[in-house]
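compute the structure for the input listed below.
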Amino acid sequence: MTDAPAGTRVAIVAPTAAGKSEVAMAVATAVPSAEIVAVDSMQVYAGMDIGTAKPTAADRAAVVHHGLDLVDPSARFTLADYLDATRPVMSGGTQPLVLVAGTGLYLNALLDGLEPPGEWPDIRAELERRADDDLGALARELADVDPTAARRIEPGNRRRIVRALEVCLGSGRPFSSFGPGLDRYPTSDVALVGLRWDRSALAERIARRVDQMIAAGLVDEVAALIELHGELSPTAGQALGYKEIVEHLRGGTTLDDAVKRIVVRTRQFAVRQERWYRRDPRIRWIDVDADPVAAAAPSVTQALIVAQ
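Residues are numbered from 1 along each chain as shown. Modelled structure (predicted):
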């Protein structure tokens, strides 16, 4: 065991399937009283465990975790809600914290004091109605009013297109002007350490992880969520794996095709995560080619025990 000064923090950043959680557990169990903060926009949903690679019950019994199971998957949940739940953890205690960062926007908002834009429910409802008719038209409208935001959003990502237009129309400002304009990287008292894999090796890890999730019962998990909640919220329903399995359960695709789509979509997502984090000059990168714990845990532990 290695003692850490009160209040030190370290964030582990990396694409999905890179081994962030394993490294975090190795560090947190080596540092007395250390706790883990999940910085992930999908692990906030209770019951969405397998597909989000949520920490196991054993891990959560061994180390205190924050940022998990904050809301039912049928409920609307925003970045502002996440900040309300986790900022007190960041500011209110003296325990060492290990942040496991899968969602770049959430991490930057948490570290850099970003404030998300407001909400305009009436505008959002009208945009949702229009999206049912022609999502492409909304995407083109967004490109006209905020080309920067449009370039950052996949053309088929309904949730983000609607949200960006809602903010543009409701606030009278471009959505991109609220951040992620994360072209500023202020000094932080949180040390940032990144796990960097060769892209082809990470792609293989993603494929293996998806197979493991299916074997662990992802299909049954999604079926149980639908039976319990009826519909997942627009955000939860876009989660990697869940969207494809819902389509399979409704007869829209075979399980084999759903699995292939999950793998492809997850690999694409990992590339976007990597690009996001690569912009941040505060991150110290560690190259990993086999065992992320062996490669990175000693350095992450050292970053945590050195007062920032």
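
only C-alpha atoms from now on, for both contacts and neighbour counts.
Noted.

now do the SS call for residue 76.
coil (DSSP: H, G, I helix; E, B strand; the rest coil).

again, but for the one 5 residues further on
Using three-state DSSP as the criterion, the local structure at residue 81 reads helix.

same question, residue 265
helix.

that one contacts residue 242, correct?
No: using Cα atoms under 8 Å, residue 265 is not in contact with residue 242; the gap is 11.5 Å.

give me the more crowded residue out of those two.
Shown here are residue 265 and residue 242; by other Cα atoms under 10 Å, residue 242 has more neighbours (25 against 14).

assess the claim that that one and residue 49 are in contact.
No: between residue 242 and residue 49 there is no contact, the gap being 10.7 Å when judged by Cα under 8 Å.

my guess is residue 198 contacts residue 289, does it?
Yes: with contact defined as Cα under 8 Å, residue 198 counts as touching residue 289 (7.2 Å).

for residue 27, see how far away residue 98 is.
Relative to residue 27, residue 98 is positioned 8 Å away (Cα to Cα, to the nearest Å).

now do the helices in the chain.
20-30, 57-62, 79-92, 104-112, 121-145, 147-152, 158-171, 199-216, 218-229, 242-249, 255-278, 292-305 (DSSP state H).

residue 198 and residue 289: which has the busier surroundings?
Comparing residue 198 with residue 289 by other Cα under 10 Å, the one with more neighbours is residue 289, at 13 against 10.

and the helices of the chain, which one averages the lowest pLDDT?
When the helices of the chain are ranked by mean pLDDT, helix 147-152 comes last with a mean of 88.

what residues sit buried inside that one?
By neighbour count with 16 or more other Cα atoms under 10 Å, helix 147-152 contains the buried residues 147-150.

cool, and stretch 196-204?
196-197, 202-203.

contacts for stretch 186-197?
8-14, 18-20, 111-112, 282-289, 292, 296, 300, 303-304, 308 (Cα atoms under 8 Å, 6 or more residues apart in numbering).

just the CA atoms of that stretch, as PDB, please.
Output in PDB follows, covering the C-alpha atoms of stretch 186-197 (Å, rounded to 0.1, in the frame of the first residue of the first chain):
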ATOM      1  CA  PRO A 186      -6.200  25.500 -18.300                       C
ATOM      2  CA  THR A 187      -3.900  24.300 -15.700                       C
ATOM      3  CA  SER A 188      -5.500  21.600 -13.600                       C
ATOM      4  CA  ASP A 189      -4.800  20.100 -10.200                       C
ATOM      5  CA  VAL A 190      -5.800  16.700 -11.700                       C
ATOM      6  CA  ALA A 191      -3.000  14.800 -13.300                       C
ATOM      7  CA  LEU A 192      -4.100  13.300 -16.700                       C
ATOM      8  CA  VAL A 193      -2.600  10.000 -17.900                       C
ATOM      9  CA  GLY A 194      -3.600   8.400 -21.200                       C
ATOM     10  CA  LEU A 195      -3.400   4.800 -22.300                       C
ATOM     11  CA  ARG A 196      -2.300   4.600 -26.000                       C
ATOM     12  CA  TRP A 197      -2.800   1.400 -28.000                       C
END
